[in-house]
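Undergrad: Sharing a model prediction with you, sequence too.
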Amino acid sequence: MKKQFLVVGALAVTLALPLAACGGTPAATGDDGGSDAPAASEDGGFDAVDAYWGQWRGSVEITGTTVYGTAGGSENMLDLNLAEDGTCTVEPLEAHADLPTDSGTWEGTESEITLHLETAGDVVLTVTGSAKCEGDAHAFGIADFDTINFDFYG
């Protein structure tokens, strides 16, 4: 009985540890300590690379009718990879391989990420929150949806 109590206690302590104590790191926090404040460069100005580089997952909001009423959710469509060197790639997920692949360069401000893509041209994504942005779904070859939402993925 004592052994079971110790095992249950150890499990409870382990589950109560914060993610960072277990070696994890919060997504897209940069070096700003995890706050929602924009990333700052060494000279005190905004640093787009620190704030935005990495992999972003693009999805569209979907709704449908079920026997229980209207249901909603999101459908993952593509990955947007923003590299530290200012290059970027757009890669559709396997389930949406019919979407175009594209590449180019990117730049960012505190409120926007601008993609300069070879095929699609300039695409502006509006930053909507910490590790979130949105843009025109048509610019990525997605028909029947107006907006694509991006979340920092890793």
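TA: Arrived safely, thanks for sending.
Undergrad: where does this structure have low pLDDT?
TA: Applying pLDDT under 70 to the chain flags residues 1-44.
Undergrad: where do the strands sit along this structure?
TA: For the chain, applying DSSP state E gives strands covering 54-66, 69-82, 87-92, 102-108, 112-117, 121-129, 132-136, 147-152.
Undergrad: quick one, which of those is nearest to Phe46?
TA: Minimum separation from Phe46 across these (CB to CB) falls at strand 102-108, 8.2 Å. Placement of C-beta: from N, CA and C, glycine included.
Undergrad: Show me what the closest one packs onto, helices and strands only.
TA: For strand 102-108, the elements it packs on are helix 48-52, strand 87-92, strand 112-117, judged by 3 or more CB pairs under 8 Å, 6 or more residues apart in numbering; DSSP states H and E.
Undergrad: and among these, the most buried is which?
TA: helix 48-52 (a mean of 21; mean count of other CB atoms under 10 Å).
Undergrad: Can you dump the C-alpha atoms of that one in PDB for me?
TA: In PDB, the C-alpha atoms belonging to helix 48-52 read as follows (Å, rounded to 0.1, in the frame of the first residue of the first chain):
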ATOM      1  CA  ALA A  48      11.300  40.300 -37.200                       C
ATOM      2  CA  VAL A  49      13.700  37.300 -37.400                       C
ATOM      3  CA  ASP A  50      13.600  36.700 -33.700                       C
ATOM      4  CA  ALA A  51       9.800  37.200 -33.600                       C
ATOM      5  CA  TYR A  52       8.700  35.100 -36.600                       C
END
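Undergrad: which helices and strands sit right next to that helix?
TA: Looks like helix 48-52 contacts strand 102-108 (3+ CB pairs under 8 Å, 6+ apart).
Undergrad: chain center to the strand it packs on: distance?
TA: 16 Å (CA atoms, centre = their mean, to the nearest Å).
Undergrad: ok, Gln55 touching Leu78?
TA: No: using CB atoms under 8 Å, Gln55 is not in contact with Leu78, being 10.7 Å away.
Undergrad: So which of those two has more stuff around it?
TA: Leu78 (24 against 16; other CB atoms under 10 Å).
Undergrad: ok, that one touching Leu93?
TA: Yes: if you go by CB under 8 Å, Leu78 and Leu93 touch, sitting 6.0 Å apart.
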